[in-house]
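Colleague: sequence isn't available, so here's the structure alone:
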């Protein structure tokens, strides 16, 4: 079993829908990261969170430390949100990240 | 803005060639990382460096070596390229203390 699991692996939705991507981890962490990768593009860090909730525009990330679970939400989804979303865990006392395998999101106009 | 640059976006090499991939960051970050990304496998760490001349093996170091002679520059070396090293290679950097990593644009390497 991977230390960081994401679901779903693929998600297709209509423009305007509310999107949820889930991430579960099995190790103790100091922070959880959400990253975005557009086709052919580099990876951009969206959020780094260690508790509670963060919001940036239409993106919201939440984390429940007790349940070892994080979610990334996108409100009013748009075709430009189509990308691969990756969660990654920073283990306590470790500079390295452990990555999930990513969720490929496709938003249809 | 943090900038991480990689020497090539696309590279085609022959089996057995020595391949150098270079990464430069401009934010005085202590940590630098080399990953490869393959479909269905996600990002896997090849090597990590936390200081000049310091390195640590990642999950898949076999067939690779690294060099960090200056703080801003981290090189990945494929001593004798093989077809199973065809992949997307991504470099990243971060400051010390579990901070966010900043990624370069990636190098898509094809080994024929």
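Modeller: Ah, there it is. Computed from a predicted model, the values in this text were never measured in an experiment.

Colleague: residue B:48 sits in which helix or strand?
Modeller: strand B:42-51 (DSSP states H and E).

Colleague: got the phi and psi for residue B:85?
Modeller: Per-residue torsions, residue B:85: phi -100, psi 10 (degrees, to the nearest 10).

Colleague: tell me the contacts of it?
Modeller: By CB atoms under 8 Å, 6 or more residues apart in numbering or on different chains, residue B:85 lies in contact with B:63, B:78, B:109, B:111. (Glycine included, C-beta is placed from N, CA and C.)

Colleague: try 10 Å
Modeller: Contacts of residue B:85 were listed using CB atoms under 10 Å, 6 or more residues apart in numbering or on different chains, and they are B:13, B:15, B:19, B:36, B:63, B:64, B:78, B:109, B:110, B:111.

Colleague: right, is the helix or strand of chain A with the lowest mean pLDDT up against chain B?
Modeller: When each helix and strand of chain A is scored by mean pLDDT, DSSP states H and E, strand A:97-99 comes last, with a mean of 91. Yes - between strand A:97-99 and chain B, judged by CB under 10 Å from any CB of the partner chain, the touching residues are A:97, A:98, A:99.

Colleague: reformat those residues as CSV; add neighbour count and distance to residue A:8.
Modeller: Shown next, in CSV, are these (neighbours: other CB atoms under 10 Å in any protein chain shown; distance: CB to CB, whole Å):
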residue, neighbour count, distance to residue A:8
A:97, 27, 21
A:98, 21, 20
A:99, 23, 17
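
Colleague: wait, which of those is closest to residue B:3?
Modeller: Of all those, residue B:3 sits closest to residue A:97, with 19.8 Å by CB to CB.

Colleague: give me the element the nearest residue to the closest one once chain neighbours are set aside is part of.
Modeller: Nearest non-adjacent residue to residue A:97, counting by CB to CB, 6 or more residues apart in numbering or on different chains: residue A:88, 4.2 Å away. Here residue A:88, judged by DSSP H and E, is contained in strand A:83-91.

Colleague: direction included, what does that strand pair up with?
Modeller: strand A:29-37 (antiparallel), strand A:97-99 (antiparallel), strand A:103-108 (antiparallel) (DSSP bridges).

Colleague: what comes up buried for the regular element (helix or strand) spanning residue B:110?
Modeller: Here residue B:110 sits within strand B:107-111, counting by DSSP H and E. For strand B:107-111, a neighbour-count test (16 or more other CB atoms under 10 Å in any protein chain shown) marks B:107, B:108, B:109, B:111 as buried.

Colleague: give the bridge partners for the first one, please.
Modeller: In this case it means residue B:107. Beta-bridge partners recorded for residue B:107 (DSSP bridges): residue B:89.

Colleague: do the same with the last one
Modeller: Listed beta-bridge partners, residue B:111: residue B:13 (assigned using DSSP bridges).

Colleague: what's next to the least confident helix or strand of chain A, contact-wise?
Modeller: Under CB under 10 Å, 6+ apart, the answer for strand A:97-99 is A:2-4, A:6, A:25-27, A:29, A:31-33, A:35, A:86-91, B:33, B:35, B:37, B:41-45, B:48, B:59, B:92, B:94, B:98, B:100-101.

Colleague: tell me the contacts of residue B:92?
Modeller: Per CB under 10 Å, 6+ apart, neighbours of residue B:92: A:42-43, A:45, A:97, B:4, B:23, B:25, B:29, B:31-35, B:43, B:45, B:48, B:74, B:100-104.
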